[in-house]
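K.L.:
Fold the following for me, if possible:
(one chain, ligands or ions: 1)
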Amino acid sequence: MITVDGLTKRYGQLTAVDEVSFTAEPGRVMGFLGPNGAGKSTSMRMMVGLSEPTSGTAHILGRRFGELPNPGREVGVLLDASAQHGGRTGREILSLAAGTMGLPKAWGDAALERVSLTPEEARRRVGNYSLGMRQRLGIAVALIGDPDVLILDEPANGLDPAGIRWMRDLLRGFANDGGTVLLSSHLLHEIEVIADDILVIGNGRIVARGTKEQLLTEGGTLARSADPAALAAALRAAGHASKQASSGALHTEADAGTVGQVALATGVALTELRAADSTGLEEMFLALTDDSQRDGLRDETDTKTEGTAA
Ligand SMILES: Nc1ncnc2c1ncn2[C@@H]1O[C@H](COP(=O)(O)OP(=O)(O)OP(=O)(O)O)[C@@H](O)[C@H]1O
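P.N.:
Residues are numbered from 1 along each chain as shown. You can find the predicted model right below:
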């Protein structure tokens, strides 16, 4: 479990992380989503003791990172896959990590296997690795101590779609075995594929949180019809706001059943009716992060959209 309470980091006038609080639960994968510069890396660095918070606390399994006796046995961390020494082989890097944690060398081989790096690849120098291979090696280093918690900053960076699916399965298995996963990304699709719970950060503040299902449901409904203006008016009369999405379809918070009933009663033929799913989540993500980036909104606290899980 990871418990973060009021975590704040100021650099001079800039508040990079502003009163961030959440709990990441065992058995679940939490995605930490936000645009570039939103404060994800700074938050994670504070969680693992690489940066001192201005205020607030972060606990992993009930203790500050610095209080963990052998941190790599409790929490696996990947902050920057390019940070490994390019002149070393993958196997050497894992041997060093095993040595630091006081683990048998064989644990390095087990970690390599878990991330599907072959023995031949492990004998190559990291300087010759693709970005995706470096990410796999970084995850192997995070996993080597058999920790209960994983904190991964942009681990899907450089992975192709098959690689992202592989990572989803790996993290799903880790969580199913009772582990806690926190991973960041600035790409909605990655988080949508991998995470159970989503925490959205914009301009240092949490702007939305909830299970993926909650946030998808909050994405509303998309309806395409022969007469969008008439459908929009009928929805409005029934108490449901709508707006034209970029695709031309109407986007409304009403559920699909309600939209169907309204269309039937109004005599407007529907040509498409579906949950807005990722389109809705994307629009929400863009709107929320745009809002949080705008000057003047930084001091408002009532712009949050809250689900229940985080
Ligand atoms: N050491 C530092 N000194 C001053 N400002 C910093 C420092 N580290 C980060 N920042 C600023 O804090 C803000 C948050 O940066 P952070 O790296 O946490 O964002 P991020 O969400 O991880 O972004 P990205 O997706 O681009 O990695 C940015 O405005 C960044 O410029």
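
K.L.:
Please make it C-alpha for all contacts and neighbour counts, starting now.
P.N.:
Fine.

K.L.:
Tell me where this protein is predicted with low confidence.
P.N.:
216-219, 246-247, 277-281, 283-285, 287-310 (pLDDT under 70).

K.L.:
go with 50
P.N.:
Applying pLDDT under 50 to the chain flags the ranges 294-310.

K.L.:
Where do the domain boundaries of it fall?
P.N.:
2-211, 220-275 (automatic domain parsing).

K.L.:
possible to save those domains as TSV with distance to E282 and mean neighbour count?
P.N.:
Shown next, in TSV, are those (distance: least, C-alpha to C-alpha, whole Å; neighbours: other C-alpha atoms under 10 Å):
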stretch	distance to E282	mean neighbour count
domain 2-211	7	20
domain 220-275	11	17
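
K.L.:
Could you export those as JSON lines, including distance to L286?
P.N.:
JSON lines is the format used below for those (distance: least, C-alpha to C-alpha, whole Å):
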{"stretch": "domain 2-211", "distance to L286": "9"}
{"stretch": "domain 220-275", "distance to L286": "13"}
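
K.L.:
Against A97, how distant is the spatially closest residue to R123 that is not a sequence neighbour?
P.N.:
Excluding its sequence neighbours, the residue lying closest to R123 (C-alpha to C-alpha, 6 or more residues apart in numbering) is T89, at 5.5 Å. Distance of T89 to A97, given as C-alpha to C-alpha, to the nearest Å: 13 Å.

K.L.:
swap in G204?
P.N.:
In terms of C-alpha to C-alpha, G204 sits 32 Å off from A97.

K.L.:
circling back: indicate which one of the domains of the chain is closest to the ligand.
P.N.:
Nearest to the ligand among the domains of the chain is domain 2-211; the distance by C-alpha to the nearest ligand atom comes to 3.3 Å.

K.L.:
Flag every residue of the protein that's near the ligand.
P.N.:
11, 16, 34-42, 186 (C-alpha under 6 Å from any ligand atom).

K.L.:
Return the subset of these lying in helices.
P.N.:
40-42 (DSSP state H).

K.L.:
In a helix, G163, correct?
P.N.:
Yes - according to DSSP: H, G, I helix; E, B strand; the rest coil, G163 belongs to a helix.

K.L.:
ok, it - contacts?
P.N.:
By C-alpha atoms under 8 Å, 6 or more residues apart in numbering, the contact set of G163 is 132, 156.

K.L.:
ok, which stretches of the stretch 201-310 of the chain are helices?
P.N.:
Counting by DSSP state H, counting those that start in this stretch, one finds helices in the stretch 201-310 of the chain at the ranges 212-217, 228-237, 256-266, 277-293.

K.L.:
All good on my end, thank you.
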